[in-house]
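Student: What follows is a predicted protein model with its sequence.
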Amino acid sequence: MFITQQALRRGALVGALAVGLLSPTLSRAAQVQHASNLSYVCGGVGAGNLKALKARAPQFDLGFWMVEGPRGAYLADVPIRITHQGKTVAQFTADGPLCFVQAPKGSYTIEGTHRQQQRKITVHTGNKNADLRW
């Protein structure tokens, strides 16, 4: 099969444009956000993003998953509220099934809403594998 130089250039241009268009989305999903006295990052949509997010786990104090059903299907776009000692310290919508939080030592209540059903868990700093399960 013969491929012209022009076809190769077009392919390279299309690839470069695709990377340029996708990169902001991927990097936004992995950016650390700040609220009150804590920081958080959520994501993990797609195997590559999930692997990259998991690699950042040592930078954070706690982590939780949002899953559904007995097999633990991953959820995204879940509204989250984190409270500490009865006060809301963060509210956001999780971009993917895994969130990590950097927070002062203590106990935090994490509430999520999916399909108009609320779930709540209490997580202590040091736990990076809690589940909000629907």
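Tutor: The structure has been received and is ready for your questions. Note that the coordinates shown come from a computational prediction; the quantities given were computed from them, not determined experimentally.

Student: what's downstream of the lowest-mean-pLDDT helix or strand in the chain, the next helix or strand?
Tutor: When each helix and strand of the chain is scored by mean pLDDT, DSSP states H and E, helix 5-29 comes last, with a mean of 43. As assigned by DSSP states H and E, the chain's next helix or strand after helix 5-29 is strand 33-35.

Student: Report the next helix or strand after that following strand in sequence order.
Tutor: strand 38-43.

Student: Partner strands of that following strand and their direction?
Tutor: In the sheet containing strand 38-43, its partner strands are strand 33-35 (antiparallel), strand 98-102 (antiparallel), by DSSP bridges.

Student: what sits up against it?
Tutor: Here strand 38-43 makes contact (CB atoms under 8 Å, 6 or more residues apart in numbering) with 29-33, 49-50, 53, 56, 60, 80, 82, 89-90, 92, 94-96, 98-104. Where you see a C-beta, it was placed from the backbone N, CA and C, and this is true even at glycine.

Student: Output the helix or strand where residue 64 lies as CSV, nothing but the C-alphas.
Tutor: Per DSSP H and E, residue 64 falls inside strand 62-68. Extracted as CSV, the C-alpha positions of strand 62-68 are listed here (Å, rounded to 0.1, in the frame of the first residue of the first chain):
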residue,chain,number,x,y,z
LEU,A,62,-8.5,10.0,52.0
GLY,A,63,-10.2,8.6,49.0
PHE,A,64,-13.6,7.2,48.0
TRP,A,65,-15.4,5.6,45.1
MET,A,66,-18.9,6.1,43.7
VAL,A,67,-20.3,2.8,42.5
GLU,A,68,-23.7,1.3,41.7
